[in-house]
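K.L.:
this is the structure alone, sequence omitted:
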């Protein structure tokens, strides 16, 4: 595909300086940019070397100016680069149509332009929207509902009655709708709590690889619009994850917890059950959250504390042996003084 | 299905007050209870609002009494609710029989009433008991033995020679019998230690989604009766997990460790190899266990300590910067005194 | 298979004492050794009981001598045992040939002696070397290149364009080539960063079960020769893992980090993005690494510190409540002294 710089600028709503007729055929990182590629220079580190590369065009911050180059000015250069990169590198297309090996249940339907790869199993009464891209080896349970423009990678399982919205992508190996972990103790043994609920995933969600999202005991586990999860994330029964919240790899969220909008949980964070995390909270890696968190906090640690406190605590922990020595020394000196005072 | 309250009471062994002829057609949470549903009120929070709902019947603690309502008195209301819920919501049934796409090896046998879904592969010399429910896309290796009433969800792999008991449920994507992580260092490289052992899972075990349970180097990795694991749990080679032990999500257990009965490891706990954890131990989330733990301890933290100590330590850690300041202040004041004493 | 002790000694390059004509038909642990098995005694614990077993032969350290027994002396007894064990217990062989259910794309090729199990899907333009062992239910994407003597266990997915070297083993359920976790924030929403790169895995690598290895945003995520990963390990986009590095279960490595050779990250370690860990670094379990680590360090903790410091800190943390009390007591005593000075 080829576009002129002017066409790209119009598409992303940016301003050009230099030659709008410059033909662009790819987007690439700064170091790899060639005469027909557009690249990104959004920080001083790259902007000061902008003369040293021979890119077809460079996406720069709005206020940055330099004569003699083809520049695409943007208030959010990274987002513009992402959009142009996606234009030149659309997601892989599978051959349209249903592979003859696919097993389809009764009363299953899908919209136009579906691509369903080999060895996939589609249950009874399944509804799939338009332009589905379903890789080989996927299992879709009975009565599942799926929106338009969904991508399911190999070995994804979407179990019975779960619902996916539009433009949902699920990376390979993830499980949507496993039973929640609920057992009623009775003397020495446990009775399994049946999980009669579902998982609902709203629009524009991306689920990473090898996630496990349990269905609700009753009702639903709810992943709202725009949520992004990284790999190996665990979301227990009846959790709600708010709009545009980001869960980094290996995060685990216990049952019935609600997480607000625009929250970021960094890698390996653990969250207790039945608590609430407010909107716009940011949590540092490996933190352990055991109680409610008000909105707009930046916290870290296990137990969690304000991130600024954690930064100071982090410096003190390795010095605890010194602190202990100081305390012992103080005790001795004080004892000396006290006995001296008595003497 | 419909049952009278009297029938339910007889089945669970409970006592009724009110009208035993009340017809019950479902079980539901407190807030959702309707005129033919039975619900649960086991704590003061719900019991004090017991007049405000219009349930067909309510499961209450043995000693609770209130006139004018249909009550099912139970010493363990939660367990009774779980059992009645399971009666009205039995686990999903697959169509009986073997889907024509299933690939079956030589000399593989299963008992009556088996349901084996599409795209599943059953190896040579496999033995499966009665009433098996095997979802699509499961792989069962050669010489695997499986008991009665087993449920294997999509993409479960039970690898060669492993053994599952009766009433074992394995949620989607779990791996039973991967090679243990054993390599003998030899200069710069590693020689793989062959893993000739198996995984044995006893009766009434539930394994969560995306677990990895490695086979023994020699002998077996042993998951005993009644164990329940949550999602993304890792169990290394030659581990023994004792009866009715509970492993919450993302727990990892290193090789050759033995865990007693009725142990609870909360989420993200890590356990070192070659250690022993006694019966009835409870471990808080994210704890790191590096040595033996005697029976009946409640511990938390990394390093682990008595849980009560950990609760106090948790409050102090965020105040470490203050403690350090106090120590510095003490040092100065002491120095003042000391020099004053000399002056 | 039967070998004489002399044949085994020649094969591993070891020295014999006793009868080299002794026939050996298996290798087994010390306690299980029988008259035709060879076993291992590499530490005093076993060497002092060497007279109490009736093994066909015993692998012992070079310098150990004892008359009347068949001994195989080796400078690295454990590695020799691993090699001999592998001789008697070769990895499971699948039936040679391509199962008729396998779906093969256009222009896909493999070398001699391939075994590809049922329900596996091989994409277009795939190249697979000689003696491939591919279990049931594997998905290999378009344009994937795979070397000789590779073993892929059930439900492995190797996605488009990724490259595997020779003698690579991937345990069940692992995902090679999922999209990296990259999103450009734009007001309330995120734009997905397309991931145009690949995963390259070099020779003699073993990947555990249920790993997730993301492809590069650009370029590659690179797993170099001899790397071994345990189960449930996460490796993000554009990470490099150096030769013979060992990643224990549930380790997570964030994007664009480079890890040197012969590094060992113990279980549940988390590594931040865009950092460098030097060669021969060893990191204790559950540590959190947030900055560069020079070569040859032994570190632990979160934050990380020298392992020796961590051992001392570990002992102090549970005593923090005592330390706080001591500080309070010091303050009171000092106040007494100070007011006494004034009085």
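P.N.:
Done, it's in. Since the structure is predicted, the reported quantities are computational estimates derived from the model, not experimental observations.
K.L.:
relative to helix C:320-342, how tilted is the one helix or strand in chain A whose mean pLDDT sits lowest?
P.N.:
Comparing every helix and strand of chain A by mean pLDDT, DSSP states H and E singles out helix A:320-342 as the least confident one, with a mean of 88. Angle, helix A:320-342 to helix C:320-342, by axes from the mean of the first three to the mean of the last three CA atoms, to 10 degrees: 30 degrees.
K.L.:
just the residues contacting helix A:320-342, thanks.
P.N.:
With CB atoms under 8 Å, 6 or more residues apart in numbering or on different chains as the test, helix A:320-342 has contacts from A:316, B:323-324, B:327, B:330-331, B:334, B:337-338, B:341, C:309, C:312-313, C:316-317, C:319, C:323, C:326-327, C:330, C:333-334, C:337, C:340. From N, CA and C alone the C-beta is placed, and that goes for glycine too.
K.L.:
7 Å instead, please
P.N.:
Contacts of helix A:320-342 with the rest of the structure, by CB atoms under 7 Å, 6 or more residues apart in numbering or on different chains, involve B:324, B:327, B:330-331, B:334, B:337-338, B:341, C:312-313, C:316, C:323, C:326-327, C:330, C:333-334, C:337, C:340.
K.L.:
may I see the buried residues of that helix?
P.N.:
A:320, A:323, A:324, A:326, A:327, A:330, A:333, A:334, A:337 (16 or more other CB atoms under 10 Å in any protein chain shown).
K.L.:
same deal with stretch A:28-44?
P.N.:
By 16+ other CB under 10 Å, the buried positions in stretch A:28-44 come out as A:28, A:30, A:33, A:37, A:38, A:39, A:40, A:41, A:42.
K.L.:
just give the closest residue to the first one, not the sequence neighbours.
P.N.:
I take that to be residue A:28. In space, and not counting its chain neighbours, residue A:28 is closest to residue A:37: 4.6 Å by CB to CB, 6 or more residues apart in numbering or on different chains.
K.L.:
mind listing what that neighbour touches?
P.N.:
By CB under 7 Å, 6+ apart, residue A:37 lies in contact with A:24, A:26, A:27, A:28, A:55, A:56.
K.L.:
how about 8 Å then?
P.N.:
A:24, A:25, A:26, A:27, A:28, A:55, A:56.
K.L.:
can you check residue A:146 too?
P.N.:
With contacts defined as CB under 8 Å, 6+ apart, the neighbours of residue A:146 are A:126, A:127, A:128, A:129, A:132, A:140, A:158, A:163, A:164, A:168.
K.L.:
gap between the nearest residue to the fourth one once chain neighbours are set aside and residue A:127?
P.N.:
Meaning residue A:129. Nearest non-adjacent residue to residue A:129, counting by CB to CB, 6+ apart: residue A:148, 3.6 Å away. To residue A:127, residue A:148 is 11 Å away according to CB to CB, to the nearest Å.
K.L.:
next: residue A:217.
P.N.:
Counting by CB to CB, the gap from residue A:217 to residue A:127 is 25 Å.
K.L.:
who's more crowded, those two?
P.N.:
The neighbour count for residue A:217 versus residue A:127, taken as other CB atoms under 10 Å in any protein chain shown, is higher for residue A:217 (22 against 15).
K.L.:
just checking, that one touches residue A:184?
P.N.:
No - contact between residue A:217 and residue A:184 fails when scored by CB atoms under 8 Å: they sit 11.2 Å apart.
K.L.:
got any residues that touch both of those two?
P.N.:
Overlap between the contact sets of residue A:217 and residue A:184, as judged by CB under 8 Å, 6+ apart, is given by residue A:193.
K.L.:
neighbours around residue A:10, how many?
P.N.:
The burial metric for residue A:10, expressed as a neighbour count using other CB under 10 Å, is 13.
K.L.:
does the one helix or strand it maps to reach chain C?
P.N.:
Per DSSP states H and E: residue A:10 is located in helix A:5-12. No - applying CB under 8 Å from any CB of the partner chain, one finds that helix A:5-12 is not in contact with chain C, the shortest distance being 10.5 Å.
K.L.:
name every strand pairing with the following helix or strand past that helix and say which way it goes.
P.N.:
Going down the chain from helix A:5-12, the next helix or strand is strand A:15-17, by DSSP H and E. Looking at strand A:15-17 with DSSP bridges, its paired strands and their directions are strand A:71-74 (antiparallel).
K.L.:
low-confidence regions, chain A specifically.
P.N.:
Segments of chain A classed as low confidence (criterion: pLDDT under 70) are A:341-343.
K.L.:
returning to that earlier point: give me the helices and strands touching the helix holding residue A:10, please.
P.N.:
strand A:15-17, strand A:71-74, helix A:77-88 (3 or more CB pairs under 8 Å, 6 or more residues apart in numbering or on different chains; DSSP states H and E).
K.L.:
ok, the buried residues of stretch A:28-44 vs chain C, which is closest?
P.N.:
residue A:28 (6.9 Å; CB to the nearest CB).
K.L.:
any idea how far the closest one lies from chain B?
P.N.:
Computed as CB to the nearest CB, to the nearest Å, the residue A:28 to chain B distance reads 36 Å.
K.L.:
which residues does that residue contact?
P.N.:
Residues touching residue A:28, when contacts are defined by CB under 8 Å, 6+ apart, comprise A:34, A:37, A:38, A:39, C:218.
K.L.:
list the residues that contact residue A:177.
P.N.:
Contacts for residue A:177 (CB under 8 Å, 6+ apart) come out as A:141, A:157, A:158, A:159, A:160, A:161, A:162, A:198, A:199, A:213, A:214, A:215.
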